[in-house]
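Enquirer: What shape does this take:
(chains A, B, C and D)
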Number of protein chains: 2
Amino acid sequence: MKVFKRRLGQYVSIDDDAWVTFDELERQEHCFLPGDDLITAGDETRRVFILNEGWAIRYRLLEDGRRQIVNFMLPGDVFDLQSLADLKADHSVTAITHCKAAVIPSGIFVEMLKKSAWLASAFWWSAVQEESILREQIVRIGRRSARERIGHLLLELHRRFIGATGIEVEKLTVPLTRADIADALGLTPVHVSRTMSAMRRSGLISEGRGGEITILDRDRLARLSLFDMEYLHLKKLDLLKKNGVRHFRETSSRINAD
Amino acid sequence: MKVFKRRLGQYVSIDDDAWVTFDELERQEHCFLPGDDLITAGDETRRVFILNEGWAIRYRLLEDGRRQIVNFMLPGDVFDLQSLADLKADHSVTAITHCKAAVIPSGIFVEMLKKSAWLASAFWWSAVQEESILREQIVRIGRRSARERIGHLLLELHRRFIGATGIEVEKLTVPLTRADIADALGLTPVHVSRTMSAMRRSGLISEGRGGEITILDRDRLARLSLFDMEYLHLKKLDLLKKNGVRHFRETSSRINAD
DNA sequence: CGCCCCGTTGAGGAGAGTCAATGGCTGTGG
DNA sequence: CCACAGCCATTGACTCTCCTCAACGGGGCG
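Expert: Numbering: from 1, shown residues only, chains lettered A, B, ... in the order given. Next up, the predicted model:
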């Protein structure tokens, strides 16, 4: 539960009481193996996941077998808040590494929100960030070249990983095959392979064994990928001090859990 | 305000009291001309828009001028609920036709939510639908051919238009230039033009003057575009009758506005 | 050892992009 | 009322990014 705490702590300063609620969750932790579905397309179960360990992908399959990975779930990510309202999932979520996740029936989840306005804010914030990531994914696929897409994705994953773990890693271990990257970026595995080889040759990245990727020249890669450092909204909301923001705190907390 | 009523009414059955709240909103209606910004990238203003008339686009510009349209806003759409939490907008929303929209400061908006749990559910539902549209947009540009993308977008816009107005129009008047369609679908205007010409030749669509588009063979177009009729979640939630759903109503309303 | 999955590389092809010219429509001003 | 400018759709010719098909090779695992 540690990862989760530091993730949410980035958005809002959560009071001590709220942490008690989390301890209940630790008992609900499930394990998933690579390939296991957390959510299956067509599912109607209403539950919220908090990913504590491992990576997962959210994807959709077309009838003819084409796959599009919509986004990646890293430790600390919360999903599907939308399942609280949805009739049935239009996509699947599958573990791509060994995963640990708290699985919370929506009823219990909502109880949690009611207990703590802070918590509700944090989850709201988390949903906003996820939407922002979706929008960025649209821009990435729609208007960027293959090299830009890959560079941009690597930078995003790197930043999100640091945000989740708090460890300023140099080497990011990316548990993705070329096919995964291709399906996320609207490319083919062959072309991803070629493009990444070229990126290695030009000294942008280097790869070790087991998916270890090092971003050698972050600034150059960011420039080449037109990476906007702001969209992840990683800045901490200091709700207590800023005046203009205080109003938001009072209100939007209530939206979620007064 | 009529459009808006029928839009929200699709998701939940709103009680009469809530409608009183809407009357307040009618006084807040603003007009926008084509090209006017409703939200400008970098904006920090916290307010929610309810579009009553006209079309708008949400887009992001890269530094070198490339533009990606993230999604379209049609009458009845509500945005940005996320601005309640966001620090500043990472994208712009611009009117592409003459538009009328209620502009609600977030404080007032939240007051509304508190007055009616029904309303809160409806807005939550609306946000879920928007996210679903974003995911579908990702699949569309990531894994579909030019013809599939265009066909799929036309079907989506057609369905959303009917959902918004309730009018089962045959001819949809699409106020989009080839450049707009291209920037939405990750293509170039030239190729959009070519592809749509081909679609006209093969009898899938026809175009009249002023952007009037008729979908001649909806089933064939849906098959060719791999259009999934379900993702828009247009089905009405009958919260009062279904048992499994009733729990949701009690809970998720409270998330938003107890 | 041998299988399978994965990454890589090559050759050739196709879909989409680029550049450029044309023509229609609209709005404006002489 | 007509001339002209500006915007947009279209079409042609050519280019290039990315895809397809295919072969090869390495590492993990039974």
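
Enquirer: Please count neighbours and contacts with C-alpha atoms only from this point.
Expert: Noted.

Enquirer: Name the nearest residue to the residue nearest in space to the middle of chain A, sequence neighbours excluded.
Expert: Of all residues in chain A, the one closest to the mean position by Cα atoms, centre = their mean is residue A:73, 3.9 Å from it. Nearest residue to residue A:73, sequence neighbours excluded (Cα to Cα, 6 or more residues apart in numbering or on different chains): residue A:56, at 4.9 Å.

Enquirer: and that neighbour, what does it touch?
Expert: Applying Cα atoms under 8 Å, 6 or more residues apart in numbering or on different chains to residue A:56 gives the contacts A:72, A:73, A:74, A:93, A:94, A:95, A:96, A:97, A:99.

Enquirer: and the first one, what are its phi and psi?
Expert: When you say that, I think you mean residue A:72. Here is the backbone geometry of residue A:72 (degrees, to the nearest 10): phi -110, psi 140.

Enquirer: Then the fifth one?
Expert: Dihedral angles phi and psi of residue A:94 (degrees, to the nearest 10) take the values phi -130, psi 140.

Enquirer: Does it touch residue A:57 like I think?
Expert: Yes - using Cα atoms under 8 Å, residue A:94 is in contact with residue A:57, at 5.5 Å.

Enquirer: what's stretch A:137-157 in contact with?
Expert: By Cα under 8 Å, 6+ apart, stretch A:137-157 touches A:70-71, A:181, A:185-187, A:192, A:195-196, A:199, A:218, A:221-222, A:224-227, B:60, B:66-70, B:134, B:137-138, B:141-142, B:183-187.

Enquirer: I'd like to know how far the residue nearest to the centre of chain A sits from chain B.
Expert: Distance, residue A:73 to chain B, using Cα to the nearest Cα, to the nearest Å: 15 Å.

Enquirer: and residue A:126, how many neighbours does it have?
Expert: Residues lying near residue A:126 (other Cα atoms under 10 Å in any protein chain shown) number 23.

Enquirer: so what's it up against?
Expert: A:8, A:11, A:77, A:78.

Enquirer: Output the residues you listed as CSV; include the columns secondary structure, neighbour count and distance to residue B:41.
Expert: Shown next, in CSV, are those (DSSP: H, G, I helix; E, B strand; the rest coil; neighbours: other Cα atoms under 10 Å in any protein chain shown; distance: Cα to Cα, whole Å):
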residue, secondary structure, neighbour count, distance to residue B:41
A:8, helix, 23, 26
A:11, helix, 23, 21
A:77, coil, 27, 26
A:78, strand, 22, 27
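
Enquirer: May I see those organised as CSV, with pLDDT and distance to residue A:213 added?
Expert: Formatted as CSV, the contacts of residue A:126 follow (pLDDT from 0 to 100; distance: Cα to Cα, whole Å):
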residue, pLDDT, distance to residue A:213
A:8, 75, 27
A:11, 72, 28
A:77, 94, 22
A:78, 92, 25
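
Enquirer: For residue A:70, give me phi and psi.
Expert: Main-chain dihedrals, residue A:70, degrees, to the nearest 10: phi -80, psi -50.

Enquirer: ignore the last one, residue A:207
Expert: Main-chain dihedrals, residue A:207, degrees, to the nearest 10: phi -120, psi 130.

Enquirer: Among the contacts of residue A:56, name the ones in strands.
Expert: A:72, A:73, A:93, A:94, A:95, A:99 (DSSP state E).

Enquirer: Report the separation between the residue nearest to residue A:73 and residue A:141.
Expert: Between residue A:56 and residue A:141 the computed distance is 20 Å (Cα to Cα, to the nearest Å).

Enquirer: host element of residue A:52?
Expert: Using DSSP states H and E, residue A:52 maps to strand A:47-53.

Enquirer: With only the CA atoms kept, save that strand in CSV.
Expert: The C-alpha atoms that make up strand A:47-53 are tabulated as CSV, following Å, rounded to 0.1, in the frame of the first residue of the first chain:
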residue,chain,number,x,y,z
ARG,A,47,-15.4,-2.6,-8.6
VAL,A,48,-12.4,-0.3,-8.3
PHE,A,49,-8.8,-1.4,-8.6
ILE,A,50,-5.8,0.1,-7.0
LEU,A,51,-2.7,-1.2,-8.5
ASN,A,52,0.1,-1.6,-6.0
GLU,A,53,2.6,-3.6,-7.9
